[in-house]
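Peer 1: 3D model of this:
(chains A, B and C)
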Amino acid sequence: MGDQVRRNMPLFPIGIVKKLTELTPRQIRYYEEHGLIFPIRTDGNQRLYSFNDVDRLLEIKELIEQGINISGIKQIFIMKQQFNGLKHNIIENPDRKVQKDLTEKQLRSYLKKELLVAGRHGKTSLIQGELSRFFH
DNA sequence: ATTCTGACA
DNA sequence: TGTCAGAA
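Peer 2: Predicted structure coming up:
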């Protein structure tokens, strides 16, 4: 599992991330303020981002382009986390019904998100207010 | 030269 | 979100 270690290594400053993601430093810092990413700081208080951070920013960028707001993105990430947790449980306990903690509703929400992302750049561009209803 | 925080004609 | 200032 040394690959994940590599992907989590704090490597590049915001200037590099700016080029890699086409996002402005303003946006990159803004998303951090809202808990979407958590780059570490150097001795000089400068942010250092990992490959995972960059990937995450790329995901954020796409979701933003689809008109999804910060809170919507937060919840999507939470569902993604829950989804991965369920997947692990199923792999580790194939016999037991450890899926009791995840409601079917949560799964549906996650799937809906997948559909939205899949049909990106399409006609189904939901606006902020409209999408937040799904998450309430 | 780069990045950071705070602020807004 | 852009952008500018003042500091590191």
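Peer 1: So which other helices or strands are in contact with the strand or helix carrying A:Glu62?
Peer 2: A:Glu62 is located in helix A:51-65, with elements delineated by DSSP states H and E. Helices and strands touching helix A:51-65, by 3 or more Cβ pairs under 8 Å, 6 or more residues apart in numbering; DSSP states H and E, are helix A:2-7, helix A:14-21, helix A:25-33, helix A:70-92. Every C-beta, even on glycine, is put in place using the N, C-alpha and C of the backbone.
Peer 1: closest one to A:Asp55 among those?
Peer 2: Ranking these by proximity to A:Asp55 (Cβ to Cβ) places helix A:2-7 first, at 8.0 Å.
Peer 1: Packing partners of the closest one?
Peer 2: So helix A:2-7, by 3+ Cβ pairs under 8 Å, 6+ apart, packs with helix A:51-65.
Peer 1: before we move on, the earlier item: tell me which of the helices and strands packed on helix A:51-65 lies nearest to DNA strand B.
Peer 2: Ranking these by proximity to DNA strand B (Cβ to the nearest atom of the strand) places helix A:14-21 first, at 2.3 Å.
Peer 1: coming back round to it: mind listing residues that contact the helix holding A:Glu62?
Peer 2: Contact with helix A:51-65 is made by A:6-9, A:11-12, A:17, A:20-23, A:28, A:31, A:36-39, A:49, A:72-73, A:76, A:117, A:120, as judged by Cβ atoms under 8 Å, 6 or more residues apart in numbering.
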